[in-house]
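**Q** Task: produce atomic coordinates for the following.
(one chain, ligands or ions: 2)
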Amino acid sequence: MEEVPLEAQRSQAPEAESERGAQTRITVDSPRAMQELGRRIAGLLRPGDLVLLTGELGAGKTTLTRGLGEGLGVRGAVTSPTFVIARVHPSLTGGPALVHVDAYRLGGGLEEMEDLDLDVSLPESVVVVEWGDGKVEELSDDRLHVVIARAVGHEEVLDDVREVSVRGVGARWDAGAGLEALAGALSE
Ligand SMILES: Nc1ncnc2c1ncn2[C@@H]1O[C@H](COP(=O)(O)OP(=O)(O)OP(=O)(O)O)[C@@H](O)[C@H]1O
Ligand SMILES: [Mg+2]
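**A** Numbers count the residues shown, from 1 in each chain. Ligands and ions are numbered 1, 2, ... in the order given. As a prediction, this is how the structure comes out:
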């Protein structure tokens, strides 16, 4: 079994006092490691959880969601929902469904999201929203904000390196709820 290195330093929540919460930063150096991080995050998630994914085009939001889907044991391949705004992946194991939303073209935010008429109960699902910042926060007081940034560097080898910040907002994540365990070398 191969080791996937995930380096991390724990850090305090940043600037915004109002959004204080548990936070972990993780360096992810390959698509495989990003997927593995997704599987790890899935292990922390419960029905009703909301995960917001932020990062530029091609940052790795869908790649991470693929790992979430694997970790949750859901049906169907997680792909970029280019022609649909949301896709529901039912659980194969009696757990929560994964609702994968691409809010890129969701101009109106939450209202449109509610209009999507998803054939699923959000409180019983795990909802993951790409490009959801500033649009769907009202869905839940408790949220996991995952921000993916390309590492800044001049070397070509850094092309695959991403700095990922995972921050829990709300009482659900107050005590950390296992976020600190996301870091560290992983063996699959
Ligand atoms: N460390 C890494 N983590 C994730 N993806 C990586 C990494 N290094 C390279 N990649 C590549 O970057 C691309 C990420 O694509 P992905 O669809 O996951 O991004 P996205 O953030 O969902 O983009 P979009 O905003 O278009 O939805 C893939 O082609 C993947 O192979
Ligand atoms: Mg995507």
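**Q** Does Glu70 touch Leu37 like I think?
**A** No - counting by CB atoms under 8 Å, Glu70 does not reach Leu37; the two are 11.4 Å apart. In this view, the C-beta of every residue, glycine as well, is placed from N, C-alpha and C.
**Q** Neighbour count for these two, which is higher?
**A** With neighbours defined as other CB atoms under 10 Å, Glu70 and Leu37 compare such that Leu37 has more, 28 against 16.
**Q** Which residues are in contact with that one?
**A** Leu37 makes contact with Leu6, Ile26, Val28, Leu64, Gly67, Val164, Leu182, according to CB atoms under 8 Å, 6 or more residues apart in numbering.
**Q** Identify the nearest residue to Ala171 in space, disregarding sequence-adjacent positions?
**A** Distances taken as CB to CB, 6 or more residues apart in numbering place Asp142 nearest to Ala171, at 6.5 Å, with adjacent residues excluded.
**Q** That neighbour is in contact with Gly170, isn't it?
**A** Yes - counting by CB under 8 Å, Asp142 does reach Gly170; the two are 3.3 Å apart.
**Q** Between these two, which is the more surrounded one?
**A** Neighbours were counted for Asp142 and for Gly170 using other CB under 10 Å; Asp142 has more, 18 against 14.
**Q** Return stretch 45-54 as PDB; C-alpha atoms alone will do.
**A** The C-alpha coordinates for stretch 45-54 follow below in PDB (Å, rounded to 0.1, in the frame of the first residue of the first chain):
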ATOM      1  CA  LEU A  45     -19.400  14.100   7.800                       C
ATOM      2  CA  ARG A  46     -22.900  13.400   9.000                       C
ATOM      3  CA  PRO A  47     -26.300  13.900   7.500                       C
ATOM      4  CA  GLY A  48     -27.200  17.600   7.200                       C
ATOM      5  CA  ASP A  49     -23.600  18.700   6.800                       C
ATOM      6  CA  LEU A  50     -22.900  21.500   4.300                       C
ATOM      7  CA  VAL A  51     -19.400  21.700   2.600                       C
ATOM      8  CA  LEU A  52     -18.500  24.800   0.600                       C
ATOM      9  CA  LEU A  53     -15.600  24.400  -1.900                       C
ATOM     10  CA  THR A  54     -13.700  27.500  -3.000                       C
END
